[in-house]
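Novice: When you get a sec, could you give me coordinates for this:
(chains A and B)
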Amino acid sequence: MTSLQKIDEWIKEAEERPQSALMILRLIAGRLRELTERNEELLAENIALQDGSRVEDYSRRITHLEYQLEMLKRRFGPEGLKAAEALALPAVPQTISLIIYQARGKIVRIEPSLQELKGIVSLGQITGDVFPWGEFPRMLVVPSAEELLMVFTSGRVSTCAVAQVPVLENDSLWNWDQASLPDEPHGGELLSALMPFASLPLADFFVQISRRGCVKKTMTSLADNILTNHYLGRGTLQKADKPFEVVLCRKNARLVMVTYEGRLLGLDVDDLTYSTEERIRLEPHDHVIASFLIEPDESLICLTQNGKVIHRESSVIEPAKSASARGQALISPSRLEQGTRFIGAAAIRELDRVLVLDTAGGLTLHACREITGSGALPISEPVLAFGIVLAPSQETKP
Amino acid sequence: MSFRVGLDFGTSNSGVAVYDGQQVRLLPIDRKNVLPEVVKTVLYITRDYHASIGQEAIELYYRHNVNRQRHYVKQWAGEIDYTGADLHYVRDVYVYVDELKPGRLMQYLKTALRKNTPGGYEGTQIFERFYTVGELVQVYLGLLKKRAEELLGEPIRSATLGRPVQYSSSQEQDAKSEETMRQAALAAGFENVDFELEPVAAALDYERSISSPQNAVIFDFGGGTLDIAVMHLGEKNGRKVYASGGVDIAGSDFDRAIIEKRMLPHFGLGQVDHQPAILELINSVPDWMALPDLATPQNKNLLEKAMRAGLAPVRLKALQALIYNDMAFTFYNRVESAKISLSDQGAAVISLEDRDIPVWELYTRNQFEADILEFQSRVEKVLLDTLAASGLEPGSVDAVVKTGGSSNIPLFTGMLVRIFGAEKVKKSNPFSSVAAGLAIRAGL
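Specialist: Model (predicted):
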């Protein structure tokens, strides 16, 4: 907003104090550069509006929302719906997708058949560089009809339907080079987490957890803004910290954080603040390796890199009230000295199964009941990542 | 052992110092601040009544508030009785309260002290509790005392506090403000409290640097008031205050003038007519502490409705973002920073890096001086009146000592040079000379 009168005033300043002229010129030039960049952004947006790609974006979002609505209707059952409407609902695919992703944004999707997941222990092998630059891949087992929220270290988010990620052919031998890149991380950012969010309408909060144990709660009523602006925020306090996980949860839920060096911290979601807060005091070399919600009838398993399984009932988790809590220790000091560290942790029920990816790319399926009983995974290679396959009777957790 | 300290409770900045009979030690009371011996006079009280001051308070405020979520609930506030014709009505009154508000940040506590009159500003509601002005000052002084004690490693029992030449033009109100300050200091844990005029304190600090007797004018121009003292200094038993005077014009008035004259058009002034409710919101922008309370759902609806109707949508979107993204404090600080930088350079930019607030204002010293010209004539009048009351002519004054942030504004330096001559205008530490002088006074 620059009127002629203002320009006259700037000129007057330059005339009265010639040394101000250079400063004024520099400030105006800086502004001009900013406006030029902004103008280019607006022109690009204008092109997207004119060529219809923006309309396509919104159409896709509407389709996703409609699909979520159908999911909701199915979750609540036909109650309240007319029988004819219920019958008209499209059939929900019953397949399960195994998603393995890396910080560089590469995603592998495998669709093992339900039958396979029930019986076979070894599912196959992923060849190629599964473990590039020392970055641990992460694993997710979700229904193929699920929606994913991609959370990046910059705080940016984007959405991607599981079905949009190409499936690698199920022949027991997959190649990591065939991984897809649905949304390549921008310069300087990495992919932090994939969060299933088809159950968004049922949740009350997003809870963000950072590597250094910062936690932030955001109401899901802001989801529209978050998805429109593609920005959820980093949820960190220190620049060096990175977002680690985002979970959807309801009121009264209990959140659990497990760290690399075996610290366990329980948090009542109702006690969390809407601003970022450091909730666990970690040693400088420690970081969060798992965070998830846990129900009273679930138990907790933690896996070490060499396949050792630590199993605890959920009743042992005491919610921390203090912001300076250090958490409960799950690894004894002597074991820590020997180098024992956790690779991951999860909430399980007795009939669930654990899908394990080892450093040789081997994918194996294990019954929770068996591995919690024996205390170790029957594999020879170190564990890279694991995911939980819910028992067939259960629904996906929000 | 217990220390006796000098405590400068300023409108914008405060400080604490001790004097051992030879040297003044300014305590690094706010290690997070750029100048650790200066602590900003801001107080932040959270929902669980945890209080913090200075840079810590500002950081906490930013951490808790910027881009935070809000959730307004309708709360019953009381009843209004009114009688019309033959009928007597009782109506319930409701207010909208943001139940997610994490805390309140307060500035200008000293100004509140001046306005603490019956029927005037008596205090403020912070969540469930009403704080009187005295209680707010007590909380601030208590935290300042605690920090000073930690630095000294000893308890502090006595303090000499600075006070402006006049809190108020009414003598009764002036005495009441001082008494409120005294009671607040006692409640904060000081056992003995006395007062010294702030310009006199600055003079005591200056006196250490002179070797022969002088007639000096102390020009203490800070964030809240201008205080002037004409004194004879440099003789051990001959220190004398010829006259003192003051006026409540200072830095905060200049910030307000900049916002009113230059920044309000960015938020719709001049483009919105016949919309009194929106104009009221626009005109509230200079008062940043009032803005967060305006972030109600009704005001949001009002602004959105106006934007949908095509009424200055870009400006009103900026106003909406300023109010609802808690950018008011940041905005106010940007204006203040630009004002400060104009003391050294000819131009500065006032801007906000928020995508919804396209505020960019190139502001020159020339414009600034035009905007505050009316204040300069009032300041000059008070200065000349005080000088006349002292019985001295400008030629008989040996030194003019500037202190306080606003004393560095070239317009006022120019005024002093014009009246007294350039060689007589001396610069002292703008933020610490009063605290140093109070410490000397405390040690005498």
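Novice: Count the residues that sit near the closest residue to chain A within the stretch 201-350 of chain B.
Specialist: Relative to chain A, the nearest point of the stretch 201-350 of chain B is residue B:346 (2.5 Å; Cβ to the nearest Cβ). Using the backbone N, CA and C atoms, a C-beta is placed for each residue, glycine as well. Residue B:346: 23 surrounding residues under other Cβ atoms under 10 Å in any protein chain shown.
Novice: give the contact list for it.
Specialist: By Cβ atoms under 8 Å, 6 or more residues apart in numbering or on different chains, residue B:346 lies in contact with A:13, A:14, A:17, A:19, A:20, A:23, A:24, B:364, B:365, B:366.
Novice: out of these, which are inside helices?
Specialist: Among the contacts of residue B:346, the members falling in helices (DSSP state H) are A:13, A:14, A:19, A:20, A:23, A:24, B:365, B:366.
Novice: any chance of those in TSV, with pLDDT too?
Specialist: Output for the ones in helices among the contacts of residue B:346, formatted as TSV (pLDDT from 0 to 100):
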residue	pLDDT
A:13	92
A:14	92
A:19	90
A:20	91
A:23	91
A:24	93
B:365	95
B:366	93
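Novice: Kindly reformat those as TSV containing distance to residue A:390 and neighbour count.
Specialist: TSV is the format used below for these (distance: Cβ to Cβ, whole Å; neighbours: other Cβ atoms under 10 Å in any protein chain shown):
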residue	distance to residue A:390	neighbour count
A:13	70	24
A:14	71	20
A:19	72	9
A:20	69	21
A:23	65	20
A:24	65	19
B:365	69	22
B:366	71	21
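Novice: got these as a markdown table, with distance to residue B:288 columns?
Specialist: Shown next, in a markdown table, are the ones in helices among the contacts of residue B:346 (distance: Cβ to Cβ, whole Å):
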| residue | distance to residue B:288 |
| --- | --- |
| A:13 | 27 |
| A:14 | 32 |
| A:19 | 33 |
| A:20 | 29 |
| A:23 | 27 |
| A:24 | 28 |
| B:365 | 24 |
| B:366 | 26 |
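Novice: Which single one of those residues is nearest to residue B:162?
Specialist: Comparing these against residue B:162 with Cβ to Cβ picks out residue B:365 as the nearest, at 30.3 Å.
Novice: Out of the ones in helices among the contacts of residue B:346, flag the one nearest to residue B:386.
Specialist: Nearest member of these to residue B:386, counting by Cβ to Cβ, is residue B:365, at 27.1 Å.
Novice: Next one: the closest one from residue A:24, what distance?
Specialist: 11 Å (Cβ to Cβ, to the nearest Å).
Novice: shared neighbours of those two, anything?
Specialist: Common contacts of residue B:365 and residue A:24, defined by Cβ under 8 Å, 6+ apart, comprise A:13, B:346, B:347.
Novice: Near chain B, which residues of the stretch 251-398 of chain A are found?
Specialist: Contact residues, the stretch 251-398 of chain A versus chain B (Cβ under 8 Å from any Cβ of the partner chain): A:273, A:274, A:275, A:276.
Novice: Tell me how many other residues surround the third one.
Specialist: Around residue A:275 there are 20 other residues, counting by other Cβ under 10 Å.
Novice: With adjacent residues omitted, what lies nearest to it?
Specialist: Take residue A:275 and drop its neighbours on the chain: the residue closest to it by Cβ to Cβ, 6 or more residues apart in numbering or on different chains is residue B:64, 4.8 Å away.
Novice: what's the distance between the helix or strand encompassing that neighbour and the middle of its chain?
Specialist: According to DSSP states H and E, residue B:64 maps onto helix B:54-65. Remark: helix B:54-65 is offset 17 Å from the chain centroid, using Cα atoms, centre = their mean, to the nearest Å.
Novice: Pull that helix out as PDB, backbone CA atoms only.
Specialist: Below are the C-alpha coordinates for helix B:54-65, written out as PDB (Å, rounded to 0.1, in the frame of the first residue of the first chain):
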ATOM      1  CA  GLY B  54      11.200 -10.300  31.300                       C
ATOM      2  CA  GLN B  55      12.500 -12.300  28.400                       C
ATOM      3  CA  GLU B  56      11.300 -15.600  30.000                       C
ATOM      4  CA  ALA B  57       7.800 -14.200  30.100                       C
ATOM      5  CA  ILE B  58       7.900 -13.200  26.500                       C
ATOM      6  CA  GLU B  59       9.300 -16.500  25.300                       C
ATOM      7  CA  LEU B  60       6.700 -18.400  27.300                       C
ATOM      8  CA  TYR B  61       4.000 -16.200  25.900                       C
ATOM      9  CA  TYR B  62       5.100 -16.900  22.300                       C
ATOM     10  CA  ARG B  63       5.500 -20.600  23.000                       C
ATOM     11  CA  HIS B  64       2.000 -20.800  24.500                       C
ATOM     12  CA  ASN B  65       0.100 -18.400  22.300                       C
END
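Novice: For chain B, what is the nearest residue in the stretch 51-200 of chain A?
Specialist: residue A:155 (11.0 Å).
Novice: Could you measure from the residue in chain A that chain B sits nearest to over to residue B:413?
Specialist: Per Cβ to the nearest Cβ, the residue of chain A with the smallest distance to chain B is residue A:20, at 2.5 Å. Separation of residue A:20 from residue B:413 (Cβ to Cβ): 17 Å.
Novice: One more: residue A:171?
Specialist: 83 Å.
Novice: Looking at these two, which one has more neighbours?
Specialist: Between residue A:171 and residue B:413, residue B:413 has the larger neighbour count (other Cβ under 10 Å), namely 18 against 7.
Novice: For the closest residue to the more buried one other than its chain neighbours, give me its contacts.
Specialist: The shortest distance from residue B:413 to any non-neighbouring residue, by Cβ to Cβ, 6+ apart, is to residue B:425 (6.6 Å). By Cβ under 8 Å, 6+ apart, the contact list for residue B:425 reads B:400, B:402, B:413, B:416, B:417.
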